[in-house]
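Colleague: attaching a predicted model along with its sequence, questions to come.
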Amino acid sequence: MTINWFKYSSPASFYSLAGKMIPIFTIAAVVSLVAGLYVGFFVAPTDFQQGEAYRIIFIHVPAAWMSMFLYVVMAFWAGIGLAFNTRLSSMFATAIAPTGAMFTFIALWTGALWGKPMWGTWWVWDARLTSELILLFLYIGFMSLQAAIDDPRRADKAGAIIALVGVVNIPIIYFSVQWWNTLHQGASVSINQAPSMASTMLLGMMIMVFSSWMYSIAIILKRTRVIIIERESHTAWVAELQKKEFIR
Amino acid sequence: MWIIKRDLLLAIRRQSDVLTTLFFFVIVVSLFPLSVGPEMNMLRAMAPGVVWVAALLASMLSLNRMFSNDYIDGTLEQMLLSPQSLSLLVLGKAFAHWLVTGIPLVIMAPILGIQYDLPAEALLVLTITLLLGTPVLSLIGAIGAALTLGLRGGSVLVSLLVLPLYIPVLIFGAGAVEANMAGIGFDAHLSLLGAFLLASLALAPWATASSLRVSLE
């Protein structure tokens, strides 16, 4: 059996598909969140060097991974939308941006919370921290550009260009910051110590990573649905949908 | 290229625009000693960074002018319709922007460096890095200017979009001067700045051209 994937690139059919998928991903996210937090906070042993404070990695590491990964995914879909002029891809990219920015912010915030007891300071100009901060700026730039443009199609395309320019720049920025950091030899602390983690710690972290994946998918699908309804409000199928909802 | 000549002519007719950018640069650089104190050792250490940040801001402030006047009077649409490659046109406009805003900054920088008591060799390095770096600023900035064409709050938006992308140039521009003052070689910095220049020469006009098409659709 072959599935006609292009069927789902139409906002109308994607809308109902996403509606069916959201509960699955939401349940997966909640279950794994509970399991991950349980393993993280009750099962995993206390670290003999860092004490209890290390437990923040169960939130910090997944958030940091997602923040970087989501930017690439966002740029990918935005690029597809720009190249093939598909509406749904651009809507998807727009839906990803706030989640990505949120994870970036969480990563920075939890990093600061961890830094205070460990390094004795909320913030160091470490290469990773700095590039994560710049990533946040890139997300904010993308979102504010789209917010400033009233015409949605122009917003999609302009956002796509800035997202792609950002993707080209991310490696350049990352390495610049790293070299800048070694030049300044400023930060006396670094996160580069190879972590030999207990397997339960690793397990807890992996469950949390899975959970943030599921959460991201669920929330992005949800947001895409909202964007679809908003943009397609002039079409017949949305009018029909509204009528159905109204009768019910 | 006729477009460089045309933009330069326009700039000469409206000299105040050019001078505003230059004086903005001078004022920002002069504000730092007033805010952190006149201690020469500290100022010398800060100088490369201060001059570079001020150059970044000054070149960013004038970005709006690159396309907006042509956009308002419809010239830009004619340019889009012309058979000439839009990327080349954009390259010409970015080059003119650099001649008008970048070059005065490069000329002014050594004088400001003297105010910060930079040694002669560091002044030379500062000038070279600005010479290599400011065209990159104009080229990357063109993308931001094209994307925000005709938007409300465009000039603030440009800074949000463009400043994060300027970071590598800033790091290696200011880094070269610092390396020179610390007695380390700065060849690597200059090579990287040159690489940024070549990469942005190749990619930025193209990205700007597609941004213009999006903005004028």
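Modeller: Done, it's in.

Colleague: quick check: which element contains residue 59?
Modeller: With no chain named, the answer covers chain A. Under the criterion of DSSP states H and E, A:Ile59 resides in helix A:57-84.

Colleague: actually, chain B is the one I wanted.
Modeller: Using DSSP H and E, B:Ser59 maps to helix B:40-61.

Colleague: report all helices and strands that that helix contacts.
Modeller: Contacts defined by 3 or more CB pairs under 8 Å, 6 or more residues apart in numbering or on different chains; DSSP states H and E place helix B:40-61 against helix B:15-36, helix B:103-115, helix B:120-147, helix B:154-181. C-beta coordinates here come from the backbone N, C-alpha and C atoms, glycine included.

Colleague: any idea of the angle the third one forms with helix B:103-115?
Modeller: This points to helix B:120-147. Per axes from the mean of the first three to the mean of the last three CA atoms, to 10 degrees, the angle that helix B:120-147 makes with helix B:103-115 is 140 degrees.

Colleague: does B:Tyr166 touch B:Leu137 like I think?
Modeller: Yes. At 6.2 Å, B:Tyr166 counts as touching B:Leu137 under the criterion of CB atoms under 8 Å.

Colleague: so for the two, which sits in the more crowded spot?
Modeller: Per other CB atoms under 10 Å in any protein chain shown, whichever of B:Tyr166 and B:Leu137 has more neighbours is B:Leu137, with 29 against 25.

Colleague: what's the closest non-adjacent residue to the more buried one?
Modeller: Leaving out its chain neighbours, the residue that sits closest to B:Leu137 by CB to CB, 6 or more residues apart in numbering or on different chains is B:Ser59, at 4.5 Å.

Colleague: for the one you found, what are its contacts?
Modeller: B:Thr21, B:Thr101, B:Gly102, B:Leu105, B:Thr134, B:Leu137, B:Ser138, B:Gly141 (CB atoms under 8 Å, 6 or more residues apart in numbering or on different chains).

Colleague: so what's the fifth one closest to, chain neighbours aside?
Modeller: Nearest-residue entry for B:Thr134: B:Gly102, 3.5 Å, with adjacent residues in sequence omitted and distances by CB to CB, 6+ apart.

Colleague: just the fourth one next, same as before
Modeller: Counting by CB to CB, 6+ apart, B:Ala55 is the residue found nearest to B:Leu105 once chain neighbours are left out, at 5.1 Å.

Colleague: same deal with the last one?
Modeller: Closest residue in space to B:Gly141, ignoring its immediate chain neighbours: B:Leu63 at 4.4 Å, by CB to CB, 6+ apart.

Colleague: for that neighbour, give its distance to B:Asn69.
Modeller: Using CB to CB, to the nearest Å, B:Leu63 is found at 13 Å from B:Asn69.

Colleague: how about B:Glu121?
Modeller: 41 Å.

Colleague: ditto for A:His60
Modeller: Distance of A:His60 to B:Asn69, computed by CB to CB: 48 Å.

Colleague: compare those two and say which is more crowded by neighbours.
Modeller: Neighbour count, other CB under 10 Å: between A:His60 and B:Asn69, A:His60 has more, with 22 against 15.

Colleague: state the pLDDT value of the nearest residue to that one once chain neighbours are set aside.
Modeller: In space, and not counting its chain neighbours, A:His60 is closest to A:Thr110: 4.1 Å by CB to CB, 6+ apart. Reading off the confidence values, A:Thr110 has pLDDT 89.

Colleague: show me the contacts for A:Thr110.
Modeller: A:Ile56, A:Ile59, A:His60, A:Ala63.

Colleague: let's see 6 Å
Modeller: A:Ile56, A:Ile59, A:His60 (CB atoms under 6 Å, 6 or more residues apart in numbering or on different chains).

Colleague: same check on A:Ala107?
Modeller: When contacts are counted by CB under 6 Å, 6+ apart, A:Ala107 touches A:Ala63, A:Ala64, A:Ser67, A:Glu132.

Colleague: count of residues packed around the residue nearest to B:Leu105?
Modeller: Neighbours around B:Ala55, by other CB under 10 Å: 31.

Colleague: residue closest to the middle of chain A?
Modeller: A:Gly100 (3.1 Å; CA atoms, centre = their mean).

Colleague: check the gap between that residue and B:Phe25 for me.
Modeller: Separation of A:Gly100 from B:Phe25 (CB to CB): 35 Å.

Colleague: for the worst-scoring helix or strand of chain B on mean pLDDT, packing partners?
Modeller: None of the helices or strands of chain B scores lower by mean pLDDT, DSSP states H and E than helix B:2-13, at a mean of 78. Identification of packing neighbours for helix B:2-13 by 3 or more CB pairs under 6 Å, 6 or more residues apart in numbering or on different chains; DSSP states H and E yields helix B:86-97.

Colleague: quick check: residues of chain B near chain A?
Modeller: Contact residues (CB under 6 Å from any CB of the partner chain) of chain B with chain A: B:147, B:151, B:157, B:160-161, B:164-165, B:167-168, B:171, B:175, B:207, B:211, B:214.

Colleague: OK, contacts around B:Val214?
Modeller: If you count contacts by CB under 6 Å, 6+ apart, B:Val214 has them with A:Arg154, A:Lys157, A:Ala158.

Colleague: does the last one touch B:Leu147 like I think?
Modeller: Right, A:Ala158. Yes. Counting by CB atoms under 6 Å, A:Ala158 touches B:Leu147, with 4.9 Å between them.

Colleague: and A:Gln146, its phi and psi?
Modeller: phi -60, psi -40 (degrees, to the nearest 10).

Colleague: give me the pLDDT for it.
Modeller: In this model, A:Gln146 is scored at 90, pLDDT.

Colleague: returning to what we had before: can you put the helices and strands packed on helix B:40-61 in CSV and add distance to A:Ile228 and mean pLDDT?
Modeller: What follows is those, written out as CSV (distance: least, CB to CB, whole Å; pLDDT from 0 to 100):
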stretch, distance to A:Ile228, mean pLDDT
helix B:15-36, 45, 88
helix B:103-115, 48, 90
helix B:120-147, 25, 92
helix B:154-181, 26, 88
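
Colleague: mean neighbour count, those helices: which tops it?
Modeller: Ranked by mean neighbour count, the helices and strands packed on helix B:40-61 are led by helix B:120-147 with a mean of 24 (mean count of other CB atoms under 10 Å in any protein chain shown).

Colleague: tell me what it is packed against?
Modeller: Packed next to helix B:120-147, using 3+ CB pairs under 6 Å, 6+ apart, are helix B:86-97, helix B:103-115, helix B:154-181, helix B:187-215.

Colleague: which strands and helices sit next to the third one?
Modeller: So the one you mean is helix B:154-181. Secondary elements touching helix B:154-181 (3+ CB pairs under 6 Å, 6+ apart): helix A:127-148, helix A:152-184, helix B:40-61, helix B:120-147, helix B:187-215.

Colleague: enumerate every residue touching A:Ala18.
Modeller: A:Leu221, A:Arg225.

Colleague: so which helix or strand takes in it?
Modeller: Secondary structure (DSSP H and E) places A:Ala18 in helix A:11-38.

Colleague: mean confidence for that helix?
Modeller: 88.

Colleague: contact partners for residue 178?
Modeller: I went with chain A, as the question did not name one. A:Ala127.

Colleague: ah, I was thinking of chain B
Modeller: Per CB under 6 Å, 6+ apart, neighbours of B:Glu178: B:Pro48.
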